[in-house]
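Novice: Pasting the sequence and the predicted coordinates here, then a few questions.
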Amino acid sequence: ASCSMDHTCKLWDLAKHKCRLTLRGHVDSINALTFQPFSNNICTCSGDKTVSLWDARTGLCIQTFYGHLNSCNHVAFNLRGDTIASTDADGGVRLWDVRMVQERLQVNAGPHAANKVAFDRSGTLMAVASDDHSVKVVSTEDGGLLSTLDGHDEAVQAVLFESNASMLITAGSDNTFRVWA
């Protein structure tokens with residue numbers, strides 16, 4: 001699957017090298033996408049300030065989540081697939097309950113853009129990569145800031161928990177990556 005500035009998401013048949021399905025509905029660039037674990041659904045986030053859930057078999061939009069006040073930069077599912085985290089250009093992070101179709105938690109990660117978000121394996125922690133050169137580790141239960149990881153000289157563009165959650169890996173615009181234990 002790919003996302004695009006032309007407001008679409010495309011699903012590709014890799015064997016035939018052809019587009020299988022085009023998802024249409026956003027009114028601005030689609031900035032990120034992710035597959036929902038254990039399902040046929042894709043989640044997208046857009047410059048139109050929305051997060052949408054799509055059925056990848058039919059191309060139909062299942063649900064759209066509203067609430068961001070600025071462009072959405074990234075979207076991620078927890079491992080169970082019942083919670084979506086989305087980030088925006090104002091430093092906001094929102095957690096969405098997929099089953100209840102509502103916002104579960106709102107976190108302010110600072111005045112700088114929140115570029116990426118990742119859940120740990122348990123789903124109780126999330127790491128937020130920020131334009132302020134830091135990574136914030138936040139509780140998904142109450143939104144409390146657990147720690148701020150400083151070390152990059154420029155914006156942090158990527159964040160990922162290692163599979164057994166013993167390390168956090170970050171990458172920044174300073175052309176470095178960091179491994180946090």
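Specialist: Yes, it's here.
Novice: So for this structure, the centremost residue is which one?
Specialist: By C-alpha atoms, centre = their mean, the chain has its centre lying nearest to Val75, at 1.8 Å.
Novice: beta partners of that residue?
Specialist: Judged by DSSP bridges, the bridge partners of Val75 are Ser86.
Novice: and Phe161, what does it touch?
Specialist: 118-121, 125, 127, 167-169 (C-beta atoms under 8 Å, 6 or more residues apart in numbering). For glycine as for every other residue, the C-beta is placed from the backbone atoms N, C-alpha and C.
Novice: same check, this time on Asp142
Specialist: Leu105 are the contacts of Asp142 under C-beta under 8 Å, 6+ apart.
Novice: where does it land on pLDDT?
Specialist: Note for Asp142: predicted pLDDT of 97.
Novice: Roughly how far does it sit from Leu125?
Specialist: According to C-beta to C-beta, to the nearest Å, Asp142 stands 12 Å off from Leu125.
Novice: quick one on the thing from earlier: report the separation between the residue nearest to the centre of the chain and Thr34.
Specialist: Per C-beta to C-beta, Val75 is found 6 Å from Thr34.
Novice: Tell me the buried residues in stretch 75-83?
Specialist: Buried residues in stretch 75-83, counted by 16 or more other C-beta atoms under 10 Å: 75-78, 81-83.
Novice: Just the residues you listed: which are in strands?
Specialist: 75-77, 83 (DSSP state E).
Novice: Quick one: those residues as CSV, columns for distance to Lys49 and pLDDT too.
Specialist: Output for those, formatted as CSV (distance: C-beta to C-beta, whole Å; pLDDT from 0 to 100):
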residue, distance to Lys49, pLDDT
Val75, 13, 98
Ala76, 17, 98
Phe77, 20, 98
Thr83, 19, 98
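Novice: Tell me the one of those residues nearest His133?
Specialist: The closest of those to His133 turns out to be Ala76 (C-beta to C-beta; 21.0 Å).
Novice: May I have the beta-bridge partners of Val117?
Specialist: Beta-bridge partners, per DSSP bridges, of Val117: Val128.
Novice: could you list every residue that touches it?
Specialist: Contacts of Val117 by C-beta under 8 Å, 6+ apart are 74-76, 85-87, 93, 126-129, 159.
Novice: how about 6 Å then?
Specialist: Counting by C-beta atoms under 6 Å, 6 or more residues apart in numbering, Val117 makes contact with 74, 76, 85, 87, 93, 126, 128.
Novice: Quick check: it vs Val75, distance?
Specialist: From Val117 to Val75 the distance is 8 Å (C-beta to C-beta).
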